[in-house]
Structures are given as C-alpha cells and as structure tokens.
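Q: Below are the sequence and a predicted model for it; my questions follow.
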Amino acid sequence: MLAFVIRRLAQAFFVVVAMVVLVFFGTYVIGDPVWMMVPGDATQEQVEEVRRTFGFDQPVYIQFLTFLGDVLRGEFGRSYVHGSSAIGLILDRMPATLELALAALILAIVIGIPLGLFAGLKPDHPVSRGIMAVSILGFSLPTFWVGLMLIMLFSVMLGWLPATGRGPVISILGIETSLFSLEGWRHLFLPALNLALLKISLVIRLTRSGAREASLQDYVKFARAKGLSPRRIIGVHILKNIMIPIVTVLGLEFGSLVAFSVVTETIFAWPGMGKLLLEAIQRLDRPLIVGYVMVVVLLFVTINLIVDILYSALDPRVRLTGSQS
Amino acid sequence: MAEPVLAVDNLATHFFTRDGVVKSVDGVSFTVAPGEVLGLVGESGSGKSVTGFSIMGLIDPPGRIVSGSIRLKGEELVGRTEAEMRAVRGRSLAMIFQDPMMTLNPVLRIDTQMMEAVHAHEKVSEKAARDRAVQALAQVGIPSPEERLSAYPHQFSGGMRQRVAIAIALIHRPALIIADEPTTALDVTIQSQILAEVQKLCAESGTALVWITHDLAVVAGLADRVAVMYAGRIVEQGLVDDVLDRPLHPYTHGLIGSVPGEAMPGKRLMQIPGSTPSLGRLPPGCAFEPRCSRAVETCRAGAPPLAQGSQGRAYRCINPVPAEEAA
C-alpha cells in the first residue's frame, strides 16, 4: 500500500513537470503580454521599461529557469492584470468552484443512480425507455444552451430561482461556503444542475448497464435462492458490484467538473476559477493561466490517487501493490 | 412409502420467446421421499435445470410455469406470490449451483453472505448468526472456520467455495436441496470429496436431494433413484440399480452405452446419433424417435404414454429395449 502510494506520487511528479514545461512554452508562443499591459499611446521607452521590469527582455531559457525557480518556491508570480499574487487569486476563487462541482457531483449521484437502477432492473418498462431517451438528450444538448433554457424557465418565466451569482457565504473552518443556507442553495441549484446534466446521463447509463449485467449473474440467483429480500439483493449484492465502475468514472469526472465549469460559471456569473481563467486567457495573463493549470493538474493527480484507494476498498480483489507481482 | 418431501406433478414450464414457445419442461412428474437422493439426468437442454429452477420458483420472464403442481411437504408452491416463495426459499428448500466461482458475491465477505442467509429467515442476534455460520463452515470441513469467515470468496479455491455454498444451503436444515451439477466445474479428486461430504451431511440431517447432472457415474454412486430427462420430459425413472442395469428406454440405453467405463477396451464407444432437438420444434410423436434405432411406425403417431412398472419404475416407450440387449 505504501509502496503503491509512493510510486503513484513519483508518477504524479513527472506529470506535473511535463505540464510546467508545456504550459510555459504554450503561453510563451501565444503572444507578447506587454502590449496588454501598457496603455495604447505608450512610447517605445515605456514599453521597454515594462519589458525589463517583468524580465521579458531575457532569452527564453533564462525566462524559463526563472519561472521554474518561482514554481519550486510555490510562487507563480503576480497577475499582470490584478497585480496581486496569482496563486492567491486562484485559491480565493477555488471554494466557489469546488462547491459548484461538489453540488453537481451529488446531483449526479442522487439522480443518476436510482434512475439507472430502475432502468437496468426493469429494462422493458415504459418509464425506463423514457429515462434512457432523456439521458440521450443530456448527452447531446450543449451546456450553454441548457443553461440559458434553465434560466429562462426557472428564473424568468417561473421566477422560482435567482438567475445569477452566488448566495451569501458563511465561513466554516476558514473556508467560505454557501452550502449551509437555503439562499445559498437557491443560487447554487441551477448552475449545479446545468453542470451535472452530462454526468447524470453518464451515471444513468453506467448504472443501467452495470445493473443489467449484475442481475443476470449467478450470485444474484444464489442470493434469491437464499430467500433474501429484493431490497437487500439490489441494495447490497448488485449495488456494491456496480459501484466499482461508477466510483472510478465519477472520480475522474470530478476533475473535469472542476476544470470545465468554465461555461457554466460564465453563464450563471458564478464567481469561480473558471471565470477567472477565461479573463486571464483573454488578457494573456500568463501567471494566472499557469497557476490555474497547475492547480487543476494537482487536483486531477490527487483525485486519481483517492479513486485508486477507494477502488481497493470496494473491490477486495484489487490489491494496491508497488510491484506487478 | 412415507409422504414425499417433494411431489412434482405434470409440471410444464414454457419460455415465450420471439421465435415461439419453447417447452423446456413439458409434463414432468416425480416424487422425492424424505432423505432420498434423486438423480435427474439428461443432456444439456433437456430441461433438468429448468425443472430445478421451477421448483425454487426462480423462473424469470419470458419463462413461466404454465401448468402442473409442485408440492413441498404437501404444500402447493405453484401460484404462490414472490413474498410467499421467499419465505420457503433458503429455509425448507435450498439450492446449490454449478459454478462455485460465480455463486458467491465477489465483493462481499463470507461472513456477510452466510449471516444474511441466517437473518433472512430468523430474527437472531449478530452473535448468534455468526456462531451458526462458524458451525456450518466447520460442518462442511473448512479448517479454522472462524478465521476463514472474514475472507473474501477469491481467497478460496473452487472446492472450498462450493463447500461454502453447501454450508449456506444447509444452514437452515432444509427438507430438500436442489443441486444443479455442483461438481461439474470441479477437479475429479475434489468432486469425489464433495460428493462424499454431501452424502454424509444429507444422511445426518435427513435432507432429501435432487441431484441434477449429466454424469451417470455420479448418479450410480450417489442416488437412490434416477429420472432420465429428454427434451423436457422424463423418459424413464426408477431405482438407480434397476435403471442402470436394465434400461428400458433406448435413450437411457444409449446414455449408458456411451460411458467409457462400460465399454470393452479397443472397441468403439456406442453413441447416440444426432443431437438434442430444438425445443421450439419438437416432432409430433416421441421426441427421441428421429435418433432412435428402435423406432417403429407408431412412434411418429403421438407421444408415447407412460408405462408403469413395479417399485416406481416408469418409462415412455412403446418399443422398449429387450432384456437380453440391455445387459
């Protein structure tokens, strides 16, 4: 187990290094950020001045080494636009995004698994066919369009829920969250649902195919032959078996929920990291872009590790070992 | 004869598929006395497993028991609701399956799977259920049962898993166990151990057995009586020695002839030509007629009636194998 964790951390290290290189040169070739920082009527001297201050006059490898040194110290520089620490800005916005992603994940589980189970256990029922048809819509409709439709229906026409922004936040253990107030949830529900829609469809399909496969297994017949109740057979025997792929996929998808909440955050004016990233890209704010990508990479690596460990808890046949033996 | 534990009368289980009605079991009747071992023999697709599942009430759509009666200790099982069947399953009626690798849930520990079987029919404490599980494991010859209880199925060998399955089946001391080819997937040496074990346990607890198999050698060593199935019907039944020593139905005769042990060394084994007919399109007369060497004109006219002999001997053939040929 320990060997496994160490091996995974070593792998993660190389992933991070590769990302640092990619992101640096990626943003380097996009364009010269100086022009974004100086006023339109700046003289050549002023431009050169700014260039020297930020070190852009140095050869690219020197710039890279300086950047690497900063990264090693956990510092991604100051945002060109905001003037404050890039990582500080990102971490400031992170709770809002994590909150959104977490709410979406919860929605995906509490809506997706029961519907998927129903569709899997009663495949010929008309309701099951309905569930499957809707899940195809969930897969194919574009997020931005669904988001606008949700706003139109629930905010404009029905007036039940607010269309934009985040509700009041409460500080719990130093983390600001809106999860603990009704008003917070009223603001959170629509963006979370919008973000979750694709994942709900995914979970429905995973659960359905898993349940269909598991219900034909001999161990289910044997469980019935023991005289167990359907509730126990479905809730324990079937569910525990199909949780393995669901946990794996959802774990990986949580990373993408965080990383790709950009569209949803923009539509619902949700003050998260995604919105910050979009602004940073528009203004070539390199430290902010790099900081964001690094945070997301670390998030992915951590989630994958947690998924692997959870996996072994769910499936006793999986043993986490450092070697292949 | 004492009142039978199980009396199956004219049972018919059909599967209503898109390609038509498949009559997997069509008019099967037999009885099992308390403590008796009945061998249910037949080729793949002869309906022997479907008979077993029908008795358990585990036939799923598109299959359905269309007629007949199944009485367990005098009580009718056909037509019961799922909840009523559940009260019987696992308590007075248990089942062991063919593949021990598949019958235990891979993600649940042995203790969970054994204790839930106890809790399904008795309201006892966790401790009492656990004790019962330990006893049951010890009974089927699993060493250090208390430790093994917290293991997962993949930590057991195939033979050990089948012992666990048998322990679960025996946990409520059922009146009848249906064993669906439980030794087919095991090594020959393990097979004989399990056979001996099951025989001993059933004799101790007075449990009757319906042993479904295609292996005549197993039946010869284990069963008191044998019923031979072909195309959804029992074509011959009787005491095991009677049937094996002097088969009357040509199909039984062919089955016995194709067992290697009986043949003279160097001589070709006898074999039954052709293969099992499709259950959706059975010939109008005797189902075995197209493959039968003793077929006569009247065989095609209609299904042969059941001919009764002494000591429960019965067969469905109008031109049975004469005594001098059978020997």
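A: Okay, I see it. In this text, all values refer to a predicted model and were calculated from it rather than measured experimentally.
Q: Enumerate every residue touching B:Tyr251.
A: Going by CB atoms under 8 Å, 6 or more residues apart in numbering or on different chains, B:Tyr251 touches B:Val228, B:Tyr230, B:Val235, B:Glu236, B:Ile272, B:Phe288, B:Cys292. Every C-beta, even on glycine, is put in place using the N, C-alpha and C of the backbone.
Q: Quick check: A:Val263 is in a strand.
A: No. A:Val263: not assigned to a strand; according to DSSP: H, G, I helix; E, B strand; the rest coil it is helix.
Q: which residues does the residue lying closest to A:Gly274 once chain neighbours are set aside contact?
A: The spatial neighbour of A:Gly274 that comes closest, neighbours along the chain excluded (CB to CB, 6 or more residues apart in numbering or on different chains), is A:Val262 at 3.6 Å. Neighbouring residues of A:Val262 by CB under 8 Å, 6+ apart: A:Gly274, A:Lys275, A:Leu277, A:Leu278.
Q: Now do the buried residues in whichever strand or helix holds the second one.
A: Using DSSP states H and E, the secondary-structure element containing A:Lys275 is helix A:273-282. Buried residues in helix A:273-282, counting neighbours by 16 or more other CB atoms under 10 Å in any protein chain shown, are found at A:Met273, A:Gly274, A:Lys275, A:Leu276, A:Leu277, A:Ala280.
Q: which ones are touching the third one?
A: Read it as A:Lys275. Listed by CB under 8 Å, 6+ apart, the contact partners of A:Lys275 are A:Arg93, A:Val262, A:Glu265, A:Thr266, A:Ala269.
Q: pretty sure B:Thr189 is in a helix, no?
A: Yes. Under three-state DSSP, B:Thr189 falls within a helix.
Q: For it, give me its contacts.
A: Not one residue lies near B:Thr189 by CB under 8 Å, 6+ apart.
Q: Give me every residue in the stretch 101-250 of chain B lying close to chain A.
A: Counting by CB under 8 Å from any CB of the partner chain, the residues of the stretch 101-250 of chain B lying close to chain A are B:102-109, B:116-117, B:120-121, B:152, B:154, B:165, B:168.
Q: and with 10 Å instead?
A: Within the stretch 101-250 of chain B, the positions lying close to chain A (CB under 10 Å from any CB of the partner chain) are B:101-109, B:112-114, B:116-121, B:151-155, B:165, B:168-169, B:171-172, B:178, B:180.
Q: Break the chain into its domains for me.
A: Answering for chain A, as no chain was given. A:2-72, A:87-314 (automatic domain parsing).
Q: if you could check chain B rather than the one you did, that'd help
A: Here the domain parsing of chain B from automatic domain parsing is B:6-92+B:172-326, B:106-171.
Q: Dump the ones you listed to a markdown table, plus distance to A:Phe139 and mean pLDDT.
A: Converted to a markdown table, these look like this (distance: least, CB to CB, whole Å; pLDDT from 0 to 100):
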| stretch | distance to A:Phe139 | mean pLDDT |
| --- | --- | --- |
| domain B:6-92+B:172-326 | 29 | 85 |
| domain B:106-171 | 29 | 88 |
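Q: so which of those gets nearest A:Arg166?
A: Nearest to A:Arg166 among the domains of chain B is domain B:106-171 (40.0 Å), distances taken as CB to CB.
Q: Dihedrals phi and psi, the residue nearest to A:Phe76 when sequence neighbours are not counted?
A: Counting by CB to CB, 6+ apart, A:Gly291 is the residue found nearest to A:Phe76 once chain neighbours are left out, at 4.0 Å. The phi/psi pair for A:Gly291 (degrees, to the nearest 10) reads phi -60, psi -40.
Q: Using just helix, strand and coil, how would you label B:Gln237?
A: What three-state DSSP gives for B:Gln237 is strand.
Q: what's the distance between the residue nearest to A:Phe76 and chain B?
A: Distance of A:Gly291 to chain B, computed by CB to the nearest CB, to the nearest Å: 41 Å.
Q: Go ahead and confirm that residue touches A:His82.
A: No. The pair A:Gly291 / A:His82 is not scored as a contact, 11.6 Å apart, by CB atoms under 10 Å.
Q: Which single residue in chain A comes nearest to chain B?
A: Here chain A gets closest to chain B at one residue, A:Gly227, 3.2 Å apart by CB to the nearest CB.
Q: Need the nearest residue in space to that residue, chain neighbours excluded.
A: Leaving aside its sequence neighbours, A:Gly227 sits nearest to B:Gly90 (CB to CB, 6+ apart; 3.2 Å).
Q: rewinding a little: just the residues of the stretch 101-250 of chain B next to chain A: which are in strands?
A: Counting by DSSP state E, the part of these found in strands is B:Ile178, B:Asp180.
Q: Strands of the stretch 101-250 of chain A, start to end?
A: Secondary structure of the stretch 101-250 of chain A (DSSP state E, counting those that start in this stretch): strands at A:170-172, A:175-177.
Q: So which residues on the stretch 51-200 of chain A come close to chain B?
A: A:Asp124.
Q: Residue numbers of the stretch 201-325 of chain A in contact with chain B?
A: Contact residues, the stretch 201-325 of chain A versus chain B (CB under 10 Å from any CB): A:214-230, A:232-233, A:236-244, A:314-317.
Q: can you pull the buried residues of the helix or strand where A:Val20 lies?
A: Element membership for A:Val20 (DSSP H and E) is helix A:2-30. For helix A:2-30, a neighbour-count test (16+ other CB under 10 Å) marks A:Phe4, A:Arg8, A:Ala12, A:Met19, A:Val20, A:Val23, A:Phe24, A:Thr27, A:Tyr28 as buried.
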